[in-house]
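Engineer: mind looking at a prediction? Sequence and model below.
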Amino acid sequence: MLVQAAARRPVRSLVTAFLAWKTFLFLIAAGSLVGGAYDTSSSLALDGSGNSTGTPTIIARLTSWDAVYFTKVARRGYLFEQEWAFGCGLPIVVSCLIRGLSFLGFGDRAWLESAVGILVANVSHLLSALVLNSLGRVLLGDDKLALVGALLHIISPAGLFLSAPYAESTFALLSFTGYLFFAKSFLVHRALTRDVQLLLSGVLFGLATAFRSNGLSHGVPFAWECLHQLAIVPRRRTLEAGRKLIVLGIGGLCVAAGSVVPQFVAYQRICAGQDTDGLRPWCQGHLPSIYGFVQQHYWNNGFLRYWTLSNVPLFNLGAPMLYLMARSGLDLLVETRSKDGRNPGIVRLVQSAAGAQVMVATLIFINSHVQIISRVSSGYPLWYLWLARCLFDDARLRIGNGFVTFMIMYASIQAVLFASFLPPA
């Protein structure tokens, strides 16, 4: 009854839950202020010296780990090679907002980038929950399940990462909105409207990729739908079928552009016109990729590189979300037929998004710092909706309750560690 009542006012319910959860996390972060931070990188980065008295302490504590890089890049652009591991999306947004604030007469404070980054992250998190509710209604046709899925996004195990100057919350907002436009394209009859929605989806996915490189996985729905169209073209040789293939191709290129364009800019800055003797190794590759190089060279990412005995505890931390991403994705992937009158296009979209989700979980397991799955997962919508269904299914209720308990506990503990600049990150 409570969920049904909340589903009648989803915006109000989500905003209330969002404010309550954020208050809880910020109180935990504030509690960590009683002790010193494990690392002083935040203070040094924010004030440009060892003196951090000019920076509000809570802002300094939220500017931990990768947030230090994001705020530095927002302030003065990419300077060092390793900084290209961090997507340009968030620094560009923060930098533009800072320029606007400067035009309005706000002071030039060293911590302003962090404060704006925190604001962007929190606003994006709230908006992404609202968009996920709309997406869930389209995909599931059930207001109650859609609302619960959006509530689960609010308490995502990404925790304080969705409140700090990180790219995750904006990535989720762009990703969910992209999926929403893609889903709605199957519900309209006007070809022009459908094409515009597909193109908007591709643009949004491309922007998401500029925030986080794993946004490339959002190209899977375009490829999936292209294969479907190619299969029916021999039977339906129409101008409309050919046009849709072109639109899908352009949408897929938009997704790729979110990764290719920043790397092209890096190549032009670092490699183009330089003497061969002084070139960085990645400049001379067949497909020069600064992102791939710095991830391997500076962060030791690569096939099975993280599979060491000392990292077993981190694999244990990542195991629940790896399982949830894989299990939910595989369950949805095997739903190969349209049931109960569901739109066949929506079914194909769910299957392709599920395939992308399983692919990302697999790649992180074998190729990356596996603990990041807790925050990377925040930008993939299907597992929230799958978990919401578990909570209303007697056969899977125990699984659902177990994961919700894990999410709350993980996010709470992680908030203490993150605000103290302690691992895992």
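Structural biologist: That came in fine, so what should we check first? Residues are numbered from 1 along each chain as shown.

Engineer: use CA for all of it now, contacts and neighbours both
Structural biologist: OK.

Engineer: let me know the average pLDDT across stretch 78-93.
Structural biologist: Averaged across stretch 78-93, pLDDT comes to 96.

Engineer: and it, how far apart are its ends?
Structural biologist: Start and end residues of stretch 78-93 are separated by 14 Å (Cα to Cα, to the nearest Å).

Engineer: can you list contacts of that stretch?
Structural biologist: Under the criterion Cα atoms under 8 Å, 6 or more residues apart in numbering, residues 69-71, 73-75, 117, 166-167, 170, 207-213, 262, 266, 290-291, 294-295, 298 lie in contact with stretch 78-93.

Engineer: make it 7 Å
Structural biologist: The contact list for stretch 78-93, computed with Cα atoms under 7 Å, 6 or more residues apart in numbering, reads 69-71, 73-74, 167, 210-212, 290-291, 294-295, 298.

Engineer: for the residues you listed, which one is nearest residue 59?
Structural biologist: residue 71 (11.7 Å; Cα to Cα).

Engineer: so that closest one is in which element?
Structural biologist: Under the criterion of DSSP states H and E, residue 71 resides in helix 66-76.

Engineer: quick check: angle from the next helix or strand after that helix to helix 66-76?
Structural biologist: Counting by DSSP H and E, the next helix or strand C-terminal to helix 66-76 is helix 89-103. Counting by axes from the mean of the first three to the mean of the last three Cα atoms, to 10 degrees, helix 89-103 lies at 50 degrees to helix 66-76.

Engineer: buried ones in the helix holding residue 71?
Structural biologist: For helix 66-76, burial by neighbour count (16 or more other Cα atoms under 10 Å) applies to 66-75.

Engineer: which elements pack onto that helix?
Structural biologist: If you count contacts as 3 or more Cα pairs under 7 Å, 6 or more residues apart in numbering; DSSP states H and E, helix 66-76 packs onto helix 89-103, helix 112-140.

Engineer: can you rerun that using 6 Å?
Structural biologist: If you count contacts as 3 or more Cα pairs under 6 Å, 6 or more residues apart in numbering; DSSP states H and E, helix 66-76 packs onto helix 89-103.

Engineer: what angle sits between the helix it packs on and helix 112-140?
Structural biologist: Counting by the same axes, to 10 degrees, helix 89-103 lies at 130 degrees to helix 112-140.

Engineer: so where is the protein shaky, pLDDT-wise?
Structural biologist: 1, 34-55, 107-108, 234-237, 336-340, 425 (pLDDT under 70).

Engineer: swap the cut-off to 50 and go again
Structural biologist: Applying pLDDT under 50 to the chain flags the ranges 49-52.

Engineer: would you map the helices across the stretch 101-250 of the chain?
Structural biologist: Assigned by DSSP state H, counting those that start in this stretch, the helices in the stretch 101-250 of the chain fall at 112-140, 143-154, 168-184, 191-211, 220-232, 239-270.

Engineer: save the ones you listed as a markdown table, and put in distance to residue 419 and mean neighbour count too.
Structural biologist: Shown next, in a markdown table, are the helices of the stretch 101-250 of the chain (distance: least, Cα to Cα, whole Å; neighbours: other Cα atoms under 10 Å):
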| stretch | distance to residue 419 | mean neighbour count |
| --- | --- | --- |
| helix 112-140 | 13 | 23 |
| helix 143-154 | 19 | 25 |
| helix 168-184 | 17 | 26 |
| helix 191-211 | 23 | 24 |
| helix 220-232 | 36 | 17 |
| helix 239-270 | 30 | 18 |
